[in-house]
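**Student:** please find the sequence and the predicted model below.
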2 protein chains.
Amino acid sequence: MGITERKEREKKELRKLILATAARLFLEQGYEKTSMRNIAEAIEYSPTTIYLYFKDKNELFYALSEEGFRKFFSYVNNISEELAPMDQLKELGKVYLQFASDHPAYYELMFILKEPMESEQTAESWDLGMKSHGVLTTIVNQCIKEGHFKDQSPDVVAFMIWSFVHGAVSFKICDRMKMYDNLNHDYLINDSLKFMNHLLEKN
Amino acid sequence: MGITERKEREKKELRKLILATAARLFLEQGYEKTSMRNIAEAIEYSPTTIYLYFKDKNELFYALSEEGFRKFFSYVNNISEELAPMDQLKELGKVYLQFASDHPAYYELMFILKEPMESEQTAESWDLGMKSHGVLTTIVNQCIKEGHFKDQSPDVVAFMIWSFVHGAVSFKICDRMKMYDNLNHDYLINDSLKFMNHLLEKN
DNA sequence: CTTTTTTACTTTACACTGTTAAGTAATATA
DNA sequence: TATATTACTTAACAGTGTAAAGTAAAAAAG
């Protein structure tokens, strides 16, 4: 039965088209300012068609967030385990900034936007988020085993590092770096990561 | 002319009432989910009356953000200059977390929400923001003069510290700390600040 | 005092939003 | 050929921010 298969393929493609278009519009104008009608117009379908593929606007958000977490995990998860723990940690910081720089819209959906978060995340997002964070805590634990971060709880160390990179990235994404008008923002972020690495290395 | 004075007083009071009610509702339900009609209903005036006092919803946002920056500066600006620079820095971190904990809604308006930021901030907000940040850079510079943070640019050091506290606070406000389910979130934040202080002290 | 103007507010209205329910045309099944 | 399903659209509802027009009371002007 090739016809039903083709139809299913077409349905999947429309779903993907909706998702891709939503992602693009969310990136360009933000979540709140993108309306279902905007998305519908862009894909040349009626607004309510989207509701045949996604329960509501929130579910679009969650689907995209999940896609983001998948991408994120693929960034975080291919750090070579052959590196020394501290080098892995450095690499993780670099990769985190890289992800945020490559996919600011996804980053915003995943870690900043608060609006549609009233209901809980999808199971898969949660799982991927936990696994990504697991990579950080594993590396931190290895660093501790090697004598770093003496007398510190791994959770505290991990949270501190994560807070820093998240804060730096958030400032940029939320457009709150105008204070550093004359400075190149990307250099500032990279140099602050270097400084952080420098602090961590000596401990 | 006592009557015109009373009227002016009453106008100012209504303005304040609008602002206070908006602040309360933004805190309770968030900026986007609070409608002008909600605010109007709460103060028992017609929705359009608000527009006689504020140009639009954005201006309400900016007025509140400005109020936030005033509060914020009062937190940041009464750090004793008699303390050693590194102790001032510690105090600043503490005070930053305290502000975010005392006024999460203001914090969100000031540093996280992106939505109504298309037009520029008010001059006063900007000025207070710069002055607050000036406090940080001044302290960092003093630390450097005392031999800390060798070979580091004060901007980079300041940005790194600010990124960290902002990141920690953002996670909490944006409700992204579910990963640390079993841990007390406030302790985690405080301990991570202690760890940061520990790292900075040794440098 | 009476008439005009100003003040402070309300009512109405418009174009938008997310979303549900009902309708429709093409296709697949009986 | 008749019925049922699929995939979509149209119409509609209650909500949004906000501009324009209307109104009743107070103030100013004559």
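**Tutor:** Good, I have the coordinates. Numbering: from 1, shown residues only, chains lettered A, B, ... in the order given.

**Student:** now the closest residue to chain B within chain A. Nearest residue, chain neighbours left out?
**Tutor:** Using C-beta to the nearest C-beta, the single residue of chain A nearest to chain B is A:Gly167, 2.7 Å away. In short, each C-beta sits where N, CA and C put it, glycine included. Of all residues not flanking A:Gly167 in the chain, B:Gly167 sits nearest, at 2.7 Å (C-beta to C-beta, 6 or more residues apart in numbering or on different chains).

**Student:** now the helices: where do they sit in chain A?
**Tutor:** Ranges of helices within chain A are A:2-29, A:36-43, A:50-53, A:57-77, A:85-102, A:104-107, A:123-145, A:154-173, A:185-201, based on DSSP state H.

**Student:** now, of those, which is deepest in the fold?
**Tutor:** helix A:154-173 (a mean of 24; mean count of other C-beta atoms under 10 Å in any protein chain shown).

**Student:** centre of the chain to it, how far?
**Tutor:** Centroid displacement of helix A:154-173 relative to its chain, using C-alpha atoms, centre = their mean, to the nearest Å, is 13 Å.

**Student:** now for that helix, which elements pack on it?
**Tutor:** Judged by 3 or more C-beta pairs under 8 Å, 6 or more residues apart in numbering or on different chains; DSSP states H and E, the packing partners of helix A:154-173 are helix A:85-102, helix A:104-107, helix A:123-145, helix A:185-201, helix B:154-173, helix B:185-201.

**Student:** show me where pLDDT drops low in chain A?
**Tutor:** A:1-2, A:115, A:117-121 (pLDDT under 70).

**Student:** which parts of it sit against DNA strand C?
**Tutor:** A:3-4, A:34-38, A:47-48, A:51, A:56-58 (C-beta under 7 Å from any atom of the strand).

**Student:** ok, and which of the residues you listed reach DNA strand D?
**Tutor:** A:47-48.

**Student:** and chain B, which of the residues of chain A next to DNA strand C contact it?
**Tutor:** Counting by C-beta under 8 Å from any C-beta of the partner chain, the subset of the residues of chain A next to DNA strand C that neighbours chain B is empty.

**Student:** possible to save the residues of chain A next to DNA strand C as CSV with distance to B:Thr138?
**Tutor:** Listed next are the residues of chain A next to DNA strand C as CSV, based on distance: C-beta to C-beta, whole Å:
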residue, distance to B:Thr138
A:Ile3, 73
A:Thr4, 70
A:Thr34, 42
A:Ser35, 46
A:Met36, 49
A:Arg37, 50
A:Asn38, 46
A:Pro47, 54
A:Thr48, 58
A:Tyr51, 55
A:Asp56, 49
A:Lys57, 46
A:Asn58, 45
